[in-house]
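Undergrad: one predicted model, sequence on top.
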Amino acid sequence: MALEAYTLQSTDKIHSDVLSQARISCYKERDAFYSCLEKESSKKPTEIATAGLLYPIECKKTREEYVKQCRPTWVKHFGRQ
């Protein structure tokens, strides 16, 4: 019983270093995507993202990486900003 309680307790531990790395990865990909938007601002936006954001096809790859690295709620939040 004591071992079982310890196992349950240890799985609930928050590993802040893992969360920090995930956040850093997300921000890196977000910044790459928005840099692409700025760089390609003269191109016609043809792709649709969250919150009605349109972006040029040249940024599709950076958008995919951004969505892959960030939580959907974060992507939606950054899109609204």
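TA: Looks like it arrived, so ask away. As the structure is a computational prediction, the values presented were derived from the model and not from experiment. Residues are numbered from 1 along each chain as shown.

Undergrad: counting residues, name the longest helix you see in this structure.
TA: helix 16-39 (DSSP state H).

Undergrad: so for that one, what gets flagged as buried?
TA: If you call a residue buried by 16 or more other Cβ atoms under 10 Å, then helix 16-39 has these buried ones: 26, 29-30, 32-34, 36-37. For every residue, glycine as well, the C-beta is placed using N, CA and C.

Undergrad: between those residues, which sits nearest P72?
TA: Of all those, P72 sits closest to C26, with 11.2 Å by Cβ to Cβ.

Undergrad: count the residues that sit near the nearest residue to the closest one once chain neighbours are set aside.
TA: Leaving aside its sequence neighbours, C26 sits nearest to C70 (Cβ to Cβ, 6 or more residues apart in numbering; 3.9 Å). As a burial measure, C70 scores 22 neighbours (other Cβ atoms under 10 Å).

Undergrad: any chance of the buried residues of helix 16-39 in JSON lines, with pLDDT and distance to K76 too?
TA: Shown next, in JSON lines, are the buried residues of helix 16-39 (pLDDT from 0 to 100; distance: Cβ to Cβ, whole Å):
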{"residue": "C26", "pLDDT": "94", "distance to K76": "13"}
{"residue": "E29", "pLDDT": "96", "distance to K76": "15"}
{"residue": "R30", "pLDDT": "95", "distance to K76": "12"}
{"residue": "A32", "pLDDT": "97", "distance to K76": "18"}
{"residue": "F33", "pLDDT": "95", "distance to K76": "14"}
{"residue": "Y34", "pLDDT": "94", "distance to K76": "15"}
{"residue": "C36", "pLDDT": "95", "distance to K76": "19"}
{"residue": "L37", "pLDDT": "92", "distance to K76": "16"}
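
Undergrad: tell me the angle the strand or helix carrying V75 makes with helix 16-39.
TA: If you go by DSSP states H and E, V75 is part of helix 72-80. Helix 72-80 runs at 30 degrees relative to helix 16-39, counting by axes from the mean of the first three to the mean of the last three Cα atoms, to 10 degrees.
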